[in-house]
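Participant: Provided below are the primary sequence and the corresponding predicted coordinates.
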Amino acid sequence: MEQRIESYRDLKVWQSAMILAEDCYRVTKEFPKDEIYGMTSQMRRSVVSIAANIAEGYGRENRGSFVQFLRMAQGSLKELETHVLLACRVGLLRKDNEIELLLRCEEIGKMMRSLIRTVQAKQAE
């Protein structure tokens, strides 16, 4: 039996994006202070944008708009992945944290693609 979605907060993809945001905030706390306006800020802004775009799209109450915002969330996810890769390359992020964050990004990406297909199918009905 499927759980009824009453709010964007019920969406598993939004919940996962929030956990990813918490994880990013945790690992960026370890970054040097001189990165506060650099990589720390970039990673935090892109990760917050993922959950925020999912919520905003859901709030539009229009399937076309929802898909558009899910695609923006996908873009933010790819932006975050790039920041994670670079942060590890330049020694700001430990390899184990890189792996953990990238796996979570991959999982969220799959969830978003699936949700987009579902919303588009309902839109076509």
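Facilitator: Thanks, I have the structure now. Numbers count the residues shown, from 1 in each chain.
Participant: strands along the chain, start to end?
Facilitator: In order along the chain, the chain carries no strands (DSSP state E).
Participant: helices of that one, start to end?
Facilitator: Along the chain, counting by DSSP state H, helices occupy 12-28, 39-59, 63-89, 95-124.
Participant: can you name every helix or strand that the last one contacts?
Facilitator: In this structure, helix 95-124 makes packing contacts with helix 12-28, helix 63-89, judged by 3 or more Cβ pairs under 8 Å, 6 or more residues apart in numbering; DSSP states H and E. Where you see a C-beta, it was placed from the backbone N, CA and C, and this is true even at glycine.
Participant: need the winner for burial among the helices of the chain.
Facilitator: Most buried of those, by mean neighbour count (mean count of other Cβ atoms under 10 Å): helix 39-59, with a mean of 21.
Participant: angle of that one against helix 63-89?
Facilitator: 160 degrees (axes from the mean of the first three to the mean of the last three Cα atoms, to 10 degrees).
Participant: now helix 39-59: average pLDDT?
Facilitator: In this model, helix 39-59 has an average pLDDT of 98.
Participant: still on that earlier bit, dump the helices of the chain into CSV; add distance to Arg4 as well.
Facilitator: Output for the helices of the chain, formatted as CSV (distance: least, Cβ to Cβ, whole Å):
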stretch, distance to Arg4
helix 12-28, 13
helix 39-59, 14
helix 63-89, 17
helix 95-124, 14
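Participant: ok, which of these comes nearest Gln3?
Facilitator: With Cβ to Cβ as the criterion, Gln3 lies closest to helix 12-28 of the helices of the chain, at 9.1 Å.
Participant: starting at the chain centroid, how far to the closest one?
Facilitator: Relative to the centre of its chain, helix 12-28 is centred 7 Å away, using Cα atoms, centre = their mean, to the nearest Å.
Participant: for this structure, give me the ranges with low pLDDT.
Facilitator: 1-2 (pLDDT under 70).
Participant: let me see the contact set for the residue nearest to Val13 when sequence neighbours are not counted.
Facilitator: Once flanking residues are discounted, Val13 sits nearest to Met111: 4.1 Å by Cβ to Cβ, 6 or more residues apart in numbering. Met111 makes contacts with Lys12, Val13, Ser16, as judged by Cβ atoms under 8 Å, 6 or more residues apart in numbering.
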